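In: Quick one, structure for this:
(one chain, ligands or ions: 1)
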Amino acid sequence: MTDLSKLRNFSIIAHIDHGKSTLADRLIQRTGGLTEREMSSQVLDNMDIEKERGITIKAQTVRLDYTAKDGETYVLNLMDTPGHVDFAYEVSRSLAACEGALLVVDAAQGVEAQTLANVYQSIEHDHEIVPVINKVDLPSADPDKVKKEIEDIVGLPADDAVLASAKTGIGIDEVLEAIVTRIPPPKGDRDAPLKAMLVDSWYDPYLGVVILIRVIDGAIKKGQNVKFMAGGTTHLVDRVGAFRPKIEQLPELGPGEIGFITAQIKDISETRVGDTITDVRRPATEALPGFKEVQPVVFCGLFPVDAADFEKLRESISKLRLNDASFSFEMETSAALGFGFRCGFLGLLHLEIIQERLTREYDLDLITTAPSVVYKIHLTKAAGEAEARTIELHNPADMPDPNRIASIEEPWIEATIYVPDEYLGSILKLCQDRRGIQKNLTYVAGRAQLTYELPLNEVVFDFYDRLKSISRGYASFDYHQIGHREGDLVKMSILVNNEPVDALSMIVHRVAAEARGRHMCERLKDLIPRHLFKIPIQAAIGGKVIARETIAALRKDVTAKCYGGDISRKRKLLEKQKEGKKKMREYGSVSIPQEAFIAALRMGEE
Ligand SMILES: Nc1nc2c(ncn2[C@@H]2O[C@H](COP(=O)(O)OP(=O)(O)OP(=O)(O)O)[C@@H](O)[C@H]2O)c(=O)[nH]1
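Out: The predicted model follows:
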């Protein structure tokens, strides 16, 4: 067990790309955990997609030994946190396991929205925050301006901010000293019953489910019987250890310590982030505060392009789910798309990551249906029912008969947008177009900080992409949910050749329905190839058509213009046609190319 006064638990909070992972790797290297060669590939971002996209998805932790200038050796637990709004709950749990944080701000970019959101969380956890101005090696670095921003915008003193370059190694010793001298040691009672927080968990093919914990009171040892208080399950601990970053087994973890346990757990859904772990024989009386079950907020259908891939899709999805308890799925059948899965995600980025992994790692061609949020539908009282029911709707296809609906509620978010002045006008228009309600607007140092309330369903399509493109990448965005509100919502169906295409139906606000319907029809007109007959494309609410386009009939055979003369050219064309067919879905007698599904949903005007 480590002496409490020699322990420091900290995390690194930063906006995406400000250098959190690079700094973490540099700290590991300086304290001897890694050689220069091992440094060459980032250690903490260990999933391929994380590396490629340069974002951290799962929180990881490392235990470092550091001999400080005072001659004492300290154990530093560094906790990495995910950098994206979709994973805010994991950030919050990781922060709860620490006493302090390094606030990394890019010396050239300055404070961004995500920085703010994470700092506020960190302050809520009573953290000691040490500002680190990173990338001072860049020619465009302006540390004094960034210091002023940290003081004016974040509201933290920044006089003694550490100036560093995670890339070149400048200031790394100062960062380590600041951790030891400025971040307080943890508190904890060794003699109290075991109380440990479940910070994170993941599936490892050799170890089974690995659980990252922070011990609050008591100690946890190999051979101990433990209970998960919220989950209600009990387990026998068979390994206790820490990451350095390689695995090292330890006899026990005492109060204030961070490390991992394994307990022969097969299913990750038994380990819920935020749960309290206690001893079976001598349990704690109260669980740790703040446990929250994470719920998916965005749903969509995933269908194989080739119906024969269904089993492969099922297997692949089940495998992904082994490592990600926040992702949910259940089987779904669609008249047009056949068998597939309805999946739930924490947000759009989460959706994209899963979709990309399925495509890339499992080599599947998929059709993704329109993402949908969770609506609360209040039904009218049916004959024989004691009281009116409320249902949760994840899939526009399951929308009840409008006559049975008393009212519909949709989820709302509060968004914080941080944007340079010159783009403010267009951002305000974007928010207004998406039914936003402006709550606040302040200016700091040539940039505007905007607070808007927005319906989540207006954000899930392409809000973030639009925001980035309007502001040339300078706007940053963060949000949290603020509950459901009633809205005048309707289901809009898309009919191709008079047949409804359920993958394209969506729930929209009545006011926006016509414009969106028209837009969808226009898009589809360009995306669906001509056939030998005329194809009407319609958007409808109930039986009422609100928009219509027609694809003219194809008059000639594609090869006709070759006059049968050039046979190789003719063959090429036919082959091309065949190739195209593979990626199409048949709707009645109409073929719709795979990319039409996603392309039609993009609302941006080009
Ligand atoms: N010039 C310079 N570049 C740096 C420095 N630190 C990091 N970078 C670069 O900045 C980019 C982003 O760094 P990361 O460490 O991946 O950023 P991050 O904050 O971990 O990003 P997320 O994992 O998405 O939160 C990389 O290309 C790094 O090489 C630095 O001190 N100087």
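In: what pLDDT, on average, does the top strand by length along the chain get?
Out: Using DSSP state E, we find that the single longest strand of the chain is strand 405-420. Mean per-residue pLDDT for strand 405-420: 91.
In: in that strand, what's buried?
Out: 405, 408-419 (16 or more other Cβ atoms under 10 Å). For every residue, glycine as well, the C-beta is placed using N, CA and C.
In: Reformat those as a markdown table; add distance to V226.
Out: Compiled in a markdown table, the buried residues of strand 405-420 are given as follows (distance: Cβ to Cβ, whole Å):
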| residue | distance to V226 |
| --- | --- |
| I405 | 47 |
| I408 | 44 |
| E409 | 40 |
| E410 | 41 |
| P411 | 36 |
| W412 | 39 |
| I413 | 37 |
| E414 | 38 |
| A415 | 40 |
| T416 | 39 |
| I417 | 44 |
| Y418 | 43 |
| V419 | 48 |
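In: next one: phi and psi at D152?
Out: When read as degrees, to the nearest 10, the backbone of D152 gives phi -70, psi -40.
In: Is it correct that it is in contact with Y443?
Out: No. Judged on Cβ atoms under 8 Å, D152 makes no contact with Y443 at a distance of 10.6 Å.
In: thinking again about what came up before, I'd like the buried residues of strand 405-420 written out as TSV, with distance to the ligand added.
Out: Output for the buried residues of strand 405-420, formatted as TSV (distance: Cβ to the nearest ligand atom, whole Å):
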residue	distance to the ligand
I405	42
I408	37
E409	34
E410	30
P411	26
W412	27
I413	21
E414	23
A415	20
T416	18
I417	19
Y418	16
V419	20
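In: Would you confirm that P289 belongs to a strand?
Out: No. With DSSP: H, G, I helix; E, B strand; the rest coil as the criterion, P289 is located in coil rather than a strand.
In: For it, what are phi and psi?
Out: The phi/psi pair for P289 (degrees, to the nearest 10) reads phi -70, psi 160.
In: Now do the strands in the stretch 401-550 of the chain.
Out: 405-420, 437-444, 447-455, 476-486, 489-496, 499-500, 506-509, 535-541, 544-551 (DSSP state E, counting those that start in this stretch).
In: which residue does the stretch 201-350 of the chain bring closest to the ligand?
Out: Nearest residue of the stretch 201-350 of the chain to the ligand (Cβ to the nearest ligand atom) works out as L349 at 11.0 Å.
In: So that residue, which state does it fall into?
Out: From three-state DSSP, the assignment for L349 is helix.
In: What are the boundaries of the helices in the stretch 501-606 of the chain?
Out: 510-527, 567-582, 594-601 (DSSP state H, counting those that start in this stretch).
In: For the longest one, what does the pLDDT average out to?
Out: If I follow you right, that is helix 510-527. Taken as a whole, helix 510-527 has a mean pLDDT of 88.
In: Please identify the buried residues of that helix?
Out: A512, A513, R516, G517, H519, M520, C521, R523, L524, L527.
In: Redo the strands of the stretch 401-550 of the chain as TSV? Include distance to F339.
Out: Shown next, in TSV, are those (distance: least, Cβ to Cβ, whole Å):
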stretch	distance to F339
strand 405-420	29
strand 437-444	41
strand 447-455	31
strand 476-486	31
strand 489-496	21
strand 499-500	18
strand 506-509	21
strand 535-541	26
strand 544-551	28
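In: of all those strands, which lies closest to A219?
Out: strand 476-486 (35.8 Å; Cβ to Cβ).
In: Pretty sure A415 sits against Y452.
Out: Yes. At 5.0 Å, A415 and Y452 qualify as touching, with contact defined as Cβ under 8 Å.
In: Mutual contacts of those two, please.
Out: Both A415 and Y452 are contacted by C431, G436, under the criterion Cβ atoms under 8 Å, 6 or more residues apart in numbering.
In: Isn't P304 up against L313?
Out: Yes. Using Cβ under 8 Å, P304 makes contact with L313 at a distance of 5.0 Å.
In: The ligand versus P396, what's the distance?
Out: Note on P396: its distance to the ligand, by Cβ to the nearest ligand atom, to the nearest Å, is 33 Å.
In: residues contacting that residue?
Out: A370, S372, K491, D502, S505, M506, I507.
In: mind redoing it with 6 Å?
Out: S372, K491, S505, M506, I507 (Cβ atoms under 6 Å, 6 or more residues apart in numbering).
In: Is it possible to mark the buried ones in the residues you listed?
Out: Buried among those (16+ other Cβ under 10 Å): S372, K491, S505, M506, I507.
In: Thought A370 was touching the fourth one, still the case?
Out: Yes. Using Cβ atoms under 6 Å, M506 is in contact with A370, at 4.7 Å.
In: F533: neighbouring residues, count only.
Out: By other Cβ atoms under 10 Å, 12 other residues sit near F533.
In: any low-confidence regions in the protein?
Out: Counting by pLDDT under 70, the ranges of the chain that qualify are 1, 33-59, 82-88, 114, 117, 336, 445-446, 555-589, 594-595, 597-606.
In: Domain ranges for it, per the record?
Out: Following automatic domain parsing, the chain resolves into domains at 4-182, 195-279, 298-369, 376-487, 491-605.
In: give me the number of residues near D159?
Out: 8.
In: where does the residue nearest to L95 when sequence neighbours are not counted fall, phi/psi-wise?
Out: Once flanking residues are discounted, L95 sits nearest to H125: 4.9 Å by Cβ to Cβ, 6 or more residues apart in numbering. When read as degrees, to the nearest 10, the backbone of H125 gives phi -90, psi 10.
In: R93 is in contact with H125, correct?
Out: No. Using Cβ under 6 Å, H125 makes no contact with R93, being 10.2 Å away.
In: Of the two, which one has the most company?
Out: For H125 versus R93, the count of surrounding residues by other Cβ under 10 Å is larger for R93: 24 against 17.
In: next structured bit after the host helix or strand of that one?
Out: Assigned by DSSP states H and E, R93 falls within helix 88-96. For helix 88-96, the succeeding helix or strand toward the C-terminus, using DSSP H and E, is strand 100-106.
In: Tell me what angle the next helix or strand after that next one forms with strand 405-420.
Out: Using DSSP H and E, the helix or strand that follows strand 100-106 towards the C-terminus is helix 113-124. Per axes from the mean of the first three to the mean of the last three Cα atoms, to 10 degrees, the angle that helix 113-124 makes with strand 405-420 is 100 degrees.
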